[in-house]
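1. sequence unknown, structure follows:
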């Protein structure tokens, strides 16, 4: 985010950006928390879960998604370390592009998850259970889209040689958002597909 | 301690960068003000149409009725009536009050009153306005789609708001516009909170902030936490309508297993109850400040006022169930919510007593902002007290969904917030536009508005107590309500008079903004907060030198003052004996 005063008090700018990101993550948490609250209500009211006549889908594709996103968190972390140390630019960019690739792969794996759902007859309009599966993954994926945009911004910024305080803040805070989406996905994976 | 001092950039020169896509918090504040005043007018006209239908059922709406409803010979038809009260509520809450109090005065006051040059994220601030603008355009567009605008009330309960109850695209557009507005509010909230934490002028502790800032800050916190909850509910409702999910469908419409319509009510009110505090907290803050400024006394128990507003903020998150006593909630739960609701009376009573303590034995100046502030004290007192009857389960079961509820929330959310908006507009006018509004017409505006709104909302409580239900098109088809027609006529005349009084305000406002030659001085009200230490209107980038704060915001009437003034600026060392 652009500050009114660039590059003065770098430490203080960092704190401000972190405060803002924290509040933003609280907001996003509330969005997903409300969704999970809804899930709990449906789950508690149902006599059996999944509801009668509804199959579970194989865990293979959801696992694949989990793998992609967890790996992408790991690679982002490596990117951040390489960025902080300013060690090897090639390695740093490599980790960033690797993260981007895994992010895109996550999109692909989600498509496979939906296909698996459709093949079992779990269409969006087939009842509350498939509605939950579809709607939650949509909303999460929309936020992943936002996350990917952030990664593309970084991919555009990183080839420079000099980084401003604002660039450093972006690396730290975009990373927080990316890891946050990872955590949300893990919660969704456990709640929607495993339990 | 202030974290960082912002650079002074060059002033933008072109019309587009200066007035349209501006980063300047003051201009964004003014944009929000015009936006809000425009929607206040739209919502107000809708209110008058609702009132017309209730006072003169079956009679053609005067003047424009023939053009708007040719099929019925000018009479407001039932479906349009439902759209009117839906859009009236939505517009007033989300597009009039929120932009004026939070968007306009939040943006304008926060940097000025904490001694900063701008918001910390000016880009996000600009985006926040333009998201709100897009959202407003979509909402207005929804008025003109086939089958009309949303008509499921501002609460949009399913299954009324699903495709079964609202088949047209109006409801879908309503959801989309509210979602976009939610993004705008969240962006604004993150910005406000961070700005207040990091950009306070050196020496300004949290309790040296004016209470206005306290109110806006707490509001922003509630916004950041609870608007996303509404967002989640709206998304699921949107999916129900557009993609055929089954979250809120029930009964015959749910072809493959039933969803849970009441869940939406929970999600809505988890957001909705904090929302009413989101609206009222800035007004409370401003009134707490203004009572002190115009009684020429320090605010009585300012710290206690700030802390009780904080505890109300916390409590407001725990009481939402009192909107849902009639949804077959377990009595165990209703009693819990009732007890928690009653607990809010304690902090409310504390700051209310502090308000009275502030004006007690003050040398009150009855300037227009003070009149409006005193008006807020009066109407909020009435609104708050009637809330007790609705918070209590036993009485609420009778009063639920009657006009008593309508009267109650209009006293708290409409009357007090509206008067707060006016007080703020009259008060900060010189700092915003460099001129003072005409004091005589301001007072005329106040008295007509005050009598008008009491006539309207007191009348509503009366008919509600008499059993008249809200949201019914022509309730007088029921025999037991027929005798309430005269009171309803009285309410409508009060509303018309109140509505006409707003013309005085608009003329006064437009005149002061565009035509008034006589400039206001830097500090026409003689108060000491930071925004009054600089010129009127506030210069670009506010403070040449970031001020150093040495005392609180309410240092008025100190007997040790020798400067010939009865107040001191926050930048001056506190005068001691």
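-> Perfect, thanks for sending it. This structure is a prediction, so every number in the text was calculated from the model and none was measured. Numbers count the residues shown, from 1 in each chain, chains lettered A, B, ... in the order given.
2. What are the buried residues along the helix or strand residue A:118 falls within?
-> Assigned by DSSP states H and E, residue A:118 belongs to helix A:89-119. Using 16 or more other Cβ atoms under 10 Å in any protein chain shown as the test for burial, helix A:89-119 gives A:92-93, A:95-96, A:98-100, A:102-103, A:105-106, A:109-110, A:113-114, A:116-117. (C-beta placed from N, C-alpha, C; glycine too.)
3. Just after it, pick out the following helix or strand.
-> The helix or strand immediately downstream of helix A:89-119 is helix A:128-157, counting by DSSP H and E.
4. quick check, the helix or strand following that next one touching chain B?
-> Next helix or strand after helix A:128-157 toward the C-terminus (DSSP H and E): helix A:165-188. No: using Cβ under 8 Å from any Cβ of the partner chain, helix A:165-188 stays clear of chain B, coming no nearer than 10.7 Å.
5. could you check the angle helix A:89-119 makes with helix A:165-188?
-> On the basis of axes from the mean of the first three to the mean of the last three Cα atoms, to 10 degrees, helix A:165-188 is oriented at 30 degrees to helix A:89-119.
6. Give the other helices and strands that helix A:165-188 contacts.
-> helix A:10-45, helix A:60-85, helix A:128-157 (3 or more Cβ pairs under 8 Å, 6 or more residues apart in numbering or on different chains; DSSP states H and E).
7. Specify the stretch among those helices that is closest to residue B:157.
-> If you check each of those against residue B:157 by Cβ to Cβ, helix A:10-45 wins as the nearest, at 15.4 Å.
8. what packs against the closest one?
-> Applying 3+ Cβ pairs under 8 Å, 6+ apart, one finds that helix A:10-45 contacts helix A:128-157, helix A:165-188, helix B:170-198, helix B:211-242, helix B:261-295.
9. residue ranges with poor pLDDT in chain A?
-> Scanning chain A for pLDDT under 70 picks out A:1-8.
10. what's the neighbour count on residue B:490?
-> For residue B:490, the neighbour count with other Cβ atoms under 10 Å in any protein chain shown is 17.
11. so it sits in a helix?
-> Yes: checked against DSSP: H, G, I helix; E, B strand; the rest coil, residue B:490 lies within a helix.
12. so what pLDDT did it get?
-> Model confidence at residue B:490, given as pLDDT, is 96.
13. could you list every residue that touches it?
-> Residue B:490 makes contact with B:455, B:459, according to Cβ atoms under 8 Å, 6 or more residues apart in numbering or on different chains.
14. Kindly report the same for the one 3 residues further on.
-> Taking Cβ under 8 Å, 6+ apart as the criterion, residue B:493 is in contact with B:55, B:455.
15. Ramachandran angles for it?
-> Taking degrees, to the nearest 10, you get phi -60, psi -40 for the backbone angles of residue B:493.
16. May I ask which helix or strand of chain B has the lowest mean pLDDT?
-> Across the helices and strands of chain B, mean confidence by mean pLDDT, DSSP states H and E is lowest for helix B:15: a mean of 83.
17. where in chain B is pLDDT low?
-> Low-confidence segments of chain B, defined by pLDDT under 70: B:1-5, B:252-257.
18. Mind doing that once more with 50?
-> B:1-2 (pLDDT under 50).
19. Let's verify the residue most central in space within it: helix, strand, or coil?
-> The centre of chain B sits closest to residue B:97, judged by Cα atoms, centre = their mean, with a distance of 3.4 Å. Judged by three-state DSSP, the three-state class of residue B:97 is helix.
20. Look up how far residue B:123 lies from it.
-> Residue B:97 sits 26 Å away from residue B:123, going by Cβ to Cβ, to the nearest Å.
21. sorry, back to before: how far out from the middle of the chain is the least confident helix or strand of chain B?
-> Averaging C-alpha positions (Cα atoms, centre = their mean, to the nearest Å) puts helix B:15 30 Å from its chain's average.
22. What's the first helix or strand after that helix?
-> Helix B:15 is succeeded, C-terminally, by helix B:25-55 (DSSP H and E).
23. Would you mind giving the helices and strands packed on helix A:10-45 as TSV with distance to residue B:6 and mean neighbour count added?
-> Converted to TSV, the helices and strands packed on helix A:10-45 look like this (distance: least, Cβ to Cβ, whole Å; neighbours: other Cβ atoms under 10 Å in any protein chain shown):
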stretch	distance to residue B:6	mean neighbour count
helix A:128-157	23	19
helix A:165-188	14	19
helix B:170-198	10	25
helix B:211-242	18	25
helix B:261-295	24	25
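24. need those helices in a markdown table with distance to residue B:394, can you?
-> Output for the helices and strands packed on helix A:10-45, formatted as a markdown table (distance: least, Cβ to Cβ, whole Å):
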| stretch | distance to residue B:394 |
| --- | --- |
| helix A:128-157 | 35 |
| helix A:165-188 | 41 |
| helix B:170-198 | 34 |
| helix B:211-242 | 29 |
| helix B:261-295 | 20 |
